[in-house]
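1. Predicted structure and sequence below. I'll ask about it afterward.
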Amino acid sequence: MSIAEIPDFKQTIPIDKIGVEERVSRLNKRSIKKESKLQALKLALSMIDHTTLEGKDSEGKVIQLCSKARTPYAPMPHLPHVAAVCVYPNMVATAKKALKGTNVKVASVATAFPSGMAQLHIKLDDTRFAVDQGADEIDMVISRGEFLKGNYSFIFDEIAAVKEACGSAHLKVILETGELETLENVRKASDIAMYAGADFIKTSTGKISPAATQPVTLVMLEAIRDFYIETGTMVGMKPAGGIRKAKEALQYLVLVKETLGAAWLTPEWFRFGASSLTNDLLMQIVKQETGVYQSIDYFSND
Amino acid sequence: MSDTISTNQPVDKTTNGSPKPTSPNSDLKFDFASFWEYSAAPESSDFVEIDPKYNHFINGEFVAPVKGRYMKSINPATEKVLCEFAEGTSEDVDSAVKAARKAYDKTWPKLSGKERGKYIFRIARMIQERAREFAITESMDGGKPIRESRDVDVPLAAAYFFYYAGWADKLEYAFPGRKPKSLGVCGQIIPWNFPLLMLAWKIAPALATGNTVVLKPAESTPITALKFAEICKDSGLPEGVVNIVTGAGQTGSEIVNHPDVNKIAFTGSTKVGKIIQKTLAGTDKKFTLELGGKGPNIVFEDAPLDQAVEGIINAIFFNQGHVCCAGSRLLVQEGVADTLIQKLKDRMETLIVGDPLDKNTDIGAINSKAQFERIQQYLEIGLNEGAEMYQSSCNVPENGYFCKPTIFTNVSQSNRIVQEEIFGPVLTIQTFRTPAEAIEKANNTPYGLASGIWTDKGSKIFKTGQSIRSGVMWSNTYNKFDPTSPFGGYNESGMGREGGLHGLYPYVKF
């Protein structure tokens, strides 16, 4: 891509918040029943980045997480495994080992997650370390302070540098939309990330409230759509944080289906960053397949 | 679909400006259909009882028509007969007007405002209680998607009754320093596009101000009005205050011509509106007319485009485009025309056309065979005028009257499809260069009911708004209704206002 094709990020694309919320509420009225519901529940399960990002994480915890990721619900072995596990860089090797022989990817947060308040060389080292440990995907955070100052070229260059450090690993760029606050900022940060080389754009770290919301996700999906029309390059989307219920997950899938279409409805192009969502999806799948709800105690809390 | 009309024309990239030759992917398409289709989610209509035969509601009773003639109401989505209903003749209208006069002389305006309000509040609550039944009935009788009848028609109808119930005992504050008096018997004739909602717009202010009513619903959608009659009965509303006479144009004409009617309120076509106005000339009957429209929806280049696309969809495809205030003319600034039209086409691909009772349906059935044929004629007129037609590639059911969402580009102001009201899911798209040109085009039809403006700039909204002759202007949204807001038109879109405080004026004298 030549410099000339990169838009001027000082220009703001107007976005009407009320209109976005109305669109979301209309999409939420889609009624997902019967076969389409079961199909979507399984699809959502296969799109999960099963996540643990806590200071108290240990190898033991990560191994349990990986076991759940591989076989979400043992009584139903035909269910898909989740897309990836998402851990801190120092847990990548453990996760990689625990997932050996499966197609479950290992994603690692990097670049001084969650605040991003570090110097670039530290962020790049963080990234390289995670990649060396075997991470398939890197979830980086942008420097929100610089963004809000209007220092867009800083953000662009930083993302481009991390992308380079990723090598063949996929790069997900976390915008931390809860700190960007306006939908115009969300759109702008999405555009910067995509033009700088992001493979995925992601809403949140999960450490800031609000985390993922549907209006924010819709704006990001529309940014992905416009970027695709402009450049022919597909970029993935990952809402993360705060999505706990199967019903919400289905609403997100409707957003994807009616904004980007079928091509994005795969784990390759759409992910949920979540932990408790997995069990709610499993409960709903079991309900759909057997006709009865099971107690939450039948599902492992990993 | 007529044979002469190609239903899925390829997107012509050279239309509306230049293509993007440098783009590596000018043929990139989004696939909204091939994977994860929504299963059918039909609203169950089992519990809704529609009688095989309905009579007039006169003086608190359902009475057979004097001449004994009945008409049929068709479900436009299945083309099956739903029920028979009475055809009103001059005898029926006369007995309805007599009942209304008796109620006017004996009871209704003599009640205190508080007492009248009590009945109207009760009616509003009973509509809410039977909301699901009303929504399903409305969708079956008129073809509108259940999503709209459930979320718009019925809740809004109840809201209008609630709102005007509140005015009933506060009329002296509505007109400070003046003493409002009721008019007498009001003849009200309503259209088929929002049967229950238009009934509410008419009956609620009339009752609040102490008038009595003879109402005629449209001949293709009489059922909810007759179910409303059941509510009048069950609510204990004094007999004769609301009378409902069914029938077609002739019945309406009997109401307009009846010498003992004091006011006519009509919503419908401009053609009929003109006839009514001629008929009423020289009489002392008051009247309000709410007629057709050809609403301009103006998108400036600084508008939030994705939300504007949604607004355009709402403006023209809401209720199959059977909306007098529909934004049926899109005026878009040249710089963003290509982008906007492409976004609009993509969005149209996700519209689901089909069974009105399915909760996922966006566009239901065209209300009647006659209207369906009229729309088809306009599509041919558009093609013959040299316009380029684009329709979404959706499937439509084999039976029933369905029309794919349609847009016409390459149209000019002089085209009939730009000047005349089509009353269907058909949008014409014109471009403009300057605000002055947008205003000129927006005003250049005989109508003036509603308009939309899309821009990020507040001052532009007000500046443009001052120059556009329309009763309603929505900014950065479209087709929003609220009982507190007046509604009505300029020029051939009618006269008088309904809704809000202004909606009380046509029902009082001083």
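-> Happy to help now that I have it. Numbers count the residues shown, from 1 in each chain, chains lettered A, B, ... in the order given.

2. Skipping its backbone neighbours, what lies nearest the residue of chain A found nearest chain B in space?
-> Across chain A, no residue is closer to chain B than residue A:19, which sits at 2.9 Å (CB to the nearest CB). From N, CA and C alone the C-beta is placed, and that goes for glycine too. The shortest distance from residue A:19 to any non-neighbouring residue, by CB to CB, 6 or more residues apart in numbering or on different chains, is to residue B:307 (2.9 Å).

3. Provide a list of residues in contact with the one you found.
-> Residues in contact with residue B:307 (CB atoms under 8 Å, 6 or more residues apart in numbering or on different chains) are A:15, A:16, A:19, A:20, A:23, B:454, B:476.

4. circling back: list the contacts for the residue of chain A closest to chain B?
-> Counting by CB under 8 Å, 6+ apart, residue A:19 makes contact with B:304, B:306, B:307, B:308, B:310, B:311, B:476, B:477.

5. okay, these in a markdown table with secondary structure and pLDDT next?
-> Converted to a markdown table, these look like this (DSSP: H, G, I helix; E, B strand; the rest coil; pLDDT from 0 to 100):
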| residue | secondary structure | pLDDT |
| --- | --- | --- |
| B:304 | coil | 98 |
| B:306 | helix | 98 |
| B:307 | helix | 98 |
| B:308 | helix | 98 |
| B:310 | helix | 97 |
| B:311 | helix | 98 |
| B:476 | coil | 97 |
| B:477 | coil | 97 |
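
6. Looking at the residues you listed, spot the one nearest chain A.
-> Looking across the contacts of residue A:19 and measuring by CB to the nearest CB, the closest to chain A is residue B:307, at 2.9 Å.

7. where does the stretch 201-350 of chain B come near chain A, residue by residue?
-> Within the stretch 201-350 of chain B, the positions adjacent to chain A are B:302, B:303, B:304, B:305, B:306, B:307, B:308, B:310, B:311, B:342, B:350 by CB under 8 Å from any CB of the partner chain.

8. got a winner among the residues you listed for most neighbours?
-> When neighbours are taken as other CB atoms under 10 Å in any protein chain shown, the top entry among those is residue B:308 (31 neighbours).

9. Confirm residue B:187 sits in a helix?
-> No: Residue B:187 is assigned strand when assessed by DSSP: H, G, I helix; E, B strand; the rest coil, not a helix.

10. Give me the pLDDT for it.
-> At residue B:187, the pLDDT value in this model is 98.

11. thinking again about what came up before, out of the contacts of residue A:19, give me the two with the largest separation.
-> The largest separation in the contacts of residue A:19, counting by CB to CB, is between B:306 and B:477 at 13.7 Å.

12. now the chain, which segments are flagged as low pLDDT?
-> Reading this off chain A. A:1-4 (pLDDT under 70).

13. sorry, should have said chain B
-> For chain B (pLDDT under 70), the answer is B:1-27.

14. mind giving me the domain split of it?
-> B:53-291+B:490-509, B:296-475 (automatic domain parsing).

15. what about the longest one, start to end distance?
-> It stands for domain B:53-291+B:490-509. One end of domain B:53-291+B:490-509 to the other measures 39 Å (CA to CA, to the nearest Å).

16. now stretch A:294-301
-> 14 Å.

17. Same check on stretch B:481-497?
-> Note: stretch B:481-497 ends 14 Å apart using CA to CA.

18. so which helix or strand takes in residue B:272?
-> Assessed by DSSP states H and E, residue B:272 sits inside helix B:270-280.

19. scratch that, residue A:147
-> Residue A:147 belongs to helix A:144-149, assigned by DSSP H and E.

20. tell me the contacts of the closest residue to residue B:57 other than its chain neighbours?
-> Closest residue to residue B:57 apart from its sequence neighbours, by CB to CB, 6+ apart: residue B:229 at 3.6 Å. For residue B:229, the contact set (CB under 8 Å, 6+ apart) comprises B:57, B:62, B:242, B:244.

21. Format those residues as TSV; extra columns: secondary structure and neighbour count.
-> Output for the contacts of residue B:229, formatted as TSV (DSSP: H, G, I helix; E, B strand; the rest coil; neighbours: other CB atoms under 10 Å in any protein chain shown):
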residue	secondary structure	neighbour count
B:57	strand	25
B:62	strand	17
B:242	strand	33
B:244	strand	27
